[in-house]
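Engineer: Just to be clear, the model below is a prediction. Sequence and coordinates:
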Amino acid sequence: MSNRTGSRRQKAAEDGERSLIGPPAGHAGESVRDQEASTTPFFVYLLAFFSALGGFLFGYDTGVVSGAMLLLKKEMHLSTLWQELLVSSTVGAAALSALSGGFLNGWLGRRICILIASFIFCGGGIVMTVALSKVVLLVGRITVGLGIGIASMTVPVYIAEVSPPHLRGQLVTINSLFITGGQFIASVVDGAFSYLSHDGWRYMLGLSILPAVLQFFGFIFLPESPRWLLQKGRSQEARQVLGRIRGGRNIEEEYDTIRTSIEEEENETGSGGVVILRILSYGPTRRALIVGCGLQMFQQLSGINTVMYYSATILQMAGVREDKQAIWLAAATSATNFVFTLVGVWLVERVGRRKLTLGSLLGTGLSLTLLAVGFLLSAQHSPPVTLHPVDFHNSTCRLYGSCEPCMLDPDCGFCYLENNAGVFNSSCVPVSPASTDSAAWGRCSNQTEESFSPYWAYNYCPTSYSWVVLLGLILYLASFAPGMGTMPWTVNSEIYPLWARSTGNACSAGINWIFNVLVSLTFLHVAEYLTYYGAFFMYAGLVVLGLLFVLCCLPETKGLQLEEIENLFARRLCSCGDFPASDDHHVHYIRKTTDCGLLFSWWESALSVFRLQASTLWSSGVRLCHSLYHSQIIVATCPEDHKNRSRFFTVILCSFDFELLWAFSNYTGFLT
Ligand SMILES: O[C@H]1[C@H](O)[C@@H](O)[C@H](O)[C@@H](O)[C@H]1O
């Protein structure tokens, strides 16, 4: 271990000692925090705002397309394949550019990358606005995708690098707020311009040019990240920028920490070679990469984009049949996502990243289960097919006896009449090859606005259990948005040392986009094979895996300086959650309370009994060593007022031993 790390440890131990005899550490932490907060210069907020415009464009450009598509498909006569291409090409391009953005970030710097991204956003916006053919439109969509990829990996890194530690989580999470804000504004713009059936889509797609121009001109005047400057040896400039960002406060300590950390990193890991190989061959960065990519993967596997995408259908199930009404209600869905992201911004520095993510995953899993139950009830009470019109083409649709299997077949739709008593005169007929808005032939082939004309349900079934699904949808967004929607971006911006930060973020953002494409493209097929409730039960299962992953592997990074976070990954992956959060005074306090809590909790006693059984396998000498070692840690890490009680419990606990846990953690070490 390096001297600097060693001396930091020592300082922390001293701080820890002081906190045991001084006033409660929580109070001390708070007053320092208050002091820091009151002196946070406005400039930091300005930087965060202009960078987060990149997040806004990410949200806007991915969100606006669904509303634009309703108009586009009619005006440009788009086939289903072209519709899919226009939506997925952006996400695919974002995956590619996020992966290559790591290299650009390290080479050109964060500021230039943000400038490039906003320039690309402007270019893409202009191409889409003036597009006269679907091919040009596709070029525009791919262009904005390239911008989204670069912005998605650069912006969180830039904000994390310019923020003071006590505000970093909040400021980086503001980027996520801007993403969901972009999605929300996009849905409002979609609603507003949906009344303009001719060329309305041009305004929808073109409006993104405004924030892109604002960001571009803003960043011409804003500085580069001081950490990147120092890494490139531009120390004079770095010192000036840091001074400017910190509003003239004394920056010597922070500057020295960054500089020594860069020097140490170069000594410890070298500076040559391909960065990704260096990341993979060095334990702490390899573990950080696994955690970062895992979080991004589980974010997408939680099904957020299928829920967002599927919200219109869920609303149709709830009885909203008009396109325009559905558009406005979809805006309400993205508003819910946005409002609850705000809750995340508020909570991140209060409860920390780990608890926020765990709580969010728990809520997400439960609400996905509720969504699945809603779909299950709807399927079980699916209205029967009562009319069987002659089908000259012998399509599969004539084989279905109820709406559920008919709706799951992508070639069929449900045509029905409805009165107060429910659904009647219903049939399952082929969908029109030209548009999914009507049937290929028969009563539902000509959609009229007359009140007695039959309804055409494609992809959904009329049901009286739609409220369960709707409730599931709202609870899902309320639990996903504050934690799983935000923390993967925030945590990734903090967990890599400087030399690995660009590449680490590029990989994890790339994983996010790749899983985004995978989940959204496979959703309808998954639903076809597993049914809708099966698909949502499956997402709930994946969330449980995500919960276990976070429980075992995600350490708390709250309040630490970026240069200290690497230490959290010094131990085996599965011990991260239980690892001393830091040498830092504030986080030291968290560890103390955690261990004490651990000591008294019920599962600790259960484990002890379990350990007792296993202990016969071990020699008594080894057992004694371990027990003494652990008992010392537990007593030392408890606040003064708990110490005696903890000594008493420790004596009891130490008569058992910790070997099973020890053996287990050694065994699971193969993961790293
Ligand atoms: O964090 C964001 C956010 O939660 C969005 O709502 C979602 O569409 C994105 O895929 C995700 O990366």
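Structural biologist: Ah, there it is. Numbers count the residues shown, from 1 in each chain.
Engineer: Spell out for me which residue occupies the centre of this structure.
Structural biologist: Nearest residue to the geometric centre of the chain (CA atoms, centre = their mean): G485, 3.7 Å.
Engineer: does it count as helix, strand or coil?
Structural biologist: Classification of G485 using DSSP: H, G, I helix; E, B strand; the rest coil returns coil.
Engineer: my guess is it meets G344, correct?
Structural biologist: Yes: when contacts are counted by CB atoms under 8 Å, G485 is listed as touching G344 (6.8 Å). For the C-beta atoms, the positions are set from N, CA and C on the backbone; glycine is no exception.
Engineer: Now the common contact residues for these two.
Structural biologist: S176 (CB atoms under 8 Å, 6 or more residues apart in numbering).
Engineer: ok so, going back, phi and psi next, for the residue nearest to the centre of the chain.
Structural biologist: Backbone torsions of G485, given as degrees, to the nearest 10, read phi -70, psi -30.
Engineer: For it, report the pLDDT, please.
Structural biologist: Looking at G485, its pLDDT reads 96.
Engineer: Contacts only, for it.
Structural biologist: G485 neighbours (CB under 8 Å, 6+ apart): 176, 180, 299, 304, 337, 340-341, 344, 360.
Engineer: Switch the residues you listed over to TSV; also include pLDDT and distance to the ligand.
Structural biologist: Shown next, in TSV, are the contacts of G485 (pLDDT from 0 to 100; distance: CB to the nearest ligand atom, whole Å):
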residue	pLDDT	distance to the ligand
S176	95	5
T180	96	5
Q299	98	6
I304	93	5
N337	94	5
F340	96	10
T341	97	7
G344	95	10
S360	97	11
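Engineer: which parts of the stretch 301-450 of the chain sit against the ligand?
Structural biologist: 304-305, 308, 337 (CB under 6 Å from any ligand atom).
Engineer: Domain boundaries for the protein, per the record?
Structural biologist: 40-222, 279-381+463-572, 383-461 (the TED database).
Engineer: Next, find the distance separating V127 from the ligand.
Structural biologist: Distance from V127 to the ligand, counting by CB to the nearest ligand atom, to the nearest Å: 23 Å.
Engineer: Where does the prediction get shaky in this protein?
Structural biologist: 1-40, 268-273, 312-314, 317-323, 447-452, 574-672 (pLDDT under 70).
Engineer: For it, give the helix that spans the most residues.
Structural biologist: If you go by DSSP state H, the chain has its longest helix at helix 498-553.
Engineer: send the alpha carbons of the next helix or strand after that helix over as CSV?
Structural biologist: Downstream of helix 498-553, the next assigned helix or strand under DSSP states H and E is helix 562-565. Listed next in CSV are the C-alpha coordinates belonging to helix 562-565 (Å, rounded to 0.1, in the frame of the first residue of the first chain):
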residue,chain,number,x,y,z
LEU,A,562,-12.9,10.8,-5.8
GLU,A,563,-9.3,9.9,-5.1
GLU,A,564,-10.3,7.9,-2.1
ILE,A,565,-12.9,5.7,-3.7
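Engineer: how far out from the middle of the chain is helix 562-565?
Structural biologist: 22 Å (CA atoms, centre = their mean, to the nearest Å).
Engineer: related to what we said a few turns ago, between the residues of the stretch 301-450 of the chain next to the ligand, identify the one with the most neighbours.
Structural biologist: Each of these was scored by neighbour count (other CB atoms under 10 Å); the top score is that of N337, with 26 neighbours.
Engineer: Contact partners for that one?
Structural biologist: N337 neighbours (CB under 8 Å, 6+ apart): 180, 183-184, 308, 477, 480-481, 485.
Engineer: Send me the helix or strand hosting Q316 as PDB with only the CA atoms.
Structural biologist: In the assignment (DSSP H and E), Q316 maps to helix 304-317. C-alpha atoms of helix 304-317 as PDB (Å, rounded to 0.1, in the frame of the first residue of the first chain):
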ATOM      1  CA  ILE A 304     -37.700   0.700 -17.500                       C
ATOM      2  CA  ASN A 305     -37.800   1.300 -21.300                       C
ATOM      3  CA  THR A 306     -40.400  -1.400 -21.900                       C
ATOM      4  CA  VAL A 307     -42.600   0.100 -19.100                       C
ATOM      5  CA  MET A 308     -42.100   3.600 -20.700                       C
ATOM      6  CA  TYR A 309     -42.700   2.200 -24.100                       C
ATOM      7  CA  TYR A 310     -45.600   0.000 -23.000                       C
ATOM      8  CA  SER A 311     -47.300   2.800 -21.000                       C
ATOM      9  CA  ALA A 312     -49.400   3.800 -23.900                       C
ATOM     10  CA  THR A 313     -50.700   0.200 -24.300                       C
ATOM     11  CA  ILE A 314     -51.300   0.000 -20.600                       C
ATOM     12  CA  LEU A 315     -53.300   3.200 -20.800                       C
ATOM     13  CA  GLN A 316     -55.300   1.800 -23.800                       C
ATOM     14  CA  MET A 317     -56.100  -1.300 -21.600                       C
END
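Engineer: And whatever helix or strand comes next after that helix, what's buried?
Structural biologist: Sequence-wise, the next helix or strand downstream of helix 304-317 (DSSP H and E) is helix 323-351. For helix 323-351, the neighbour count (16 or more other CB atoms under 10 Å) marks 326-331, 333-342, 344-345, 347-349, 351 as buried.
Engineer: orientation of helix 323-351 relative to helix 304-317 in degrees?
Structural biologist: 140 degrees (axes from the mean of the first three to the mean of the last three CA atoms, to 10 degrees).
Engineer: ok now helix 323-351, how far from the chain's centre?
Structural biologist: Distance, centroid of helix 323-351 to centroid of chain: 14 Å (CA atoms, centre = their mean).
Engineer: a strand runs through C428, doesn't it?
Structural biologist: Yes: assessed by three-state DSSP, C428 belongs to a strand.
Engineer: Just the buried ones from the contacts of N337?
Structural biologist: Counted by 16+ other CB under 10 Å, the contacts of N337 give 180, 183-184, 308, 477, 480-481, 485 as buried.
Engineer: Dump those to JSON lines, plus secondary structure.
Structural biologist: Compiled in JSON lines, the buried ones among the contacts of N337 are given as follows (three-state DSSP):
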{"residue": "T180", "secondary structure": "helix"}
{"residue": "Q183", "secondary structure": "helix"}
{"residue": "F184", "secondary structure": "helix"}
{"residue": "M308", "secondary structure": "helix"}
{"residue": "L477", "secondary structure": "helix"}
{"residue": "F480", "secondary structure": "helix"}
{"residue": "A481", "secondary structure": "coil"}
{"residue": "G485", "secondary structure": "coil"}
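Engineer: And those, which two are furthest apart?
Structural biologist: F184 and F480 (15.0 Å; CB to CB).
Engineer: give me the residue from the stretch 551-672 of the chain nearest the ligand.
Structural biologist: Of all residues in the stretch 551-672 of the chain, L554 sits closest to the ligand, at 16.4 Å by CB to the nearest ligand atom.
Engineer: what do you get for the chain?
Structural biologist: G485 (3.3 Å).
Engineer: How about the residues of the protein by the ligand?
Structural biologist: 176, 179-180, 183, 299, 304-305, 308, 337, 485, 512, 516.
Engineer: now, the most widely separated pair of those residues?
Structural biologist: Spanning the widest gap among the residues of the chain next to the ligand are N337 and N512, at 16.3 Å by CB to CB.
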